[in-house]
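Novice: okay, sequence plus prediction incoming.
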Amino acid sequence: MPIKKLTVLALFTTLSLAIYAVESAIPPLVPIPGFKLGLANIISLILLRNTSAKDAFLVLIARILLSALLFGQALSLLYSLAGGILSLLVMALVTKLLHKKMFFLTGALGGLAHNMGQLVIALIVTSTPGVAAYLPFLVLSGILTGLFTGLCGEYAGRYLPKPY
């Protein structure tokens, strides 16, 4: 990997981790377990828009591993990996299908996929079907927060040049 690309991806990883740290310090907006805005996802959207899905994946995995090491617990790593990877896969597919247009839709579907990935892990880990009762709340929150991060990624990505 060229030095410039490695440096740019390291900077995006740092930015993503910093956003995650700030968001983790904010008290929950609603009393739903696991509800977060997912602001670090803005970085994934910017990378999908301005670079490639591979670069977005590398930054996502680095951020998840570092955030679990610095802020989380081992179990939170499972939830973050499941939600993050599924979300990125969906967003990469939608980005390709929509030719890097309508990032609000990309973000909404990514937010929804993230919550569904985490719900599946919760069902597996707890073996409690009652966890599925959160489904309507997770669908709504995933779409709304995804719309917000999608719009942020769209506008920020417009003003950032292609990094390499």
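Specialist: Arrived safely. Numbers count the residues shown, from 1 in each chain.
Novice: just give the nearest non-adjacent residue to the residue sitting nearest the centre point of the chain, would you?
Specialist: Geometric centre of the chain, nearest residue: Asn41, 3.5 Å, by CA atoms, centre = their mean. Leaving aside its chain neighbours, Asn41 sits nearest to Thr149 (4.7 Å; criterion: CB to CB, 6 or more residues apart in numbering). Glycine gets a C-beta too; all of them are placed from N, C-alpha and C.
Novice: who are the neighbours in contact with that neighbour?
Specialist: By CB atoms under 8 Å, 6 or more residues apart in numbering, the contact list for Thr149 reads 37-39, 41-42, 45, 107, 110-111.
Novice: also Tyr159?
Specialist: Contacts of Tyr159 by CB under 8 Å, 6+ apart: none found.
Novice: repeat for Val59
Specialist: Contacts of Val59 (CB under 8 Å, 6+ apart): 9, 12-13, 16, 43-44, 47.
Novice: ok, which pair from those residues is furthest apart?
Specialist: Within the contacts of Val59, Leu9 and Ser44 form the most distant pair, 12.1 Å apart (CB to CB).
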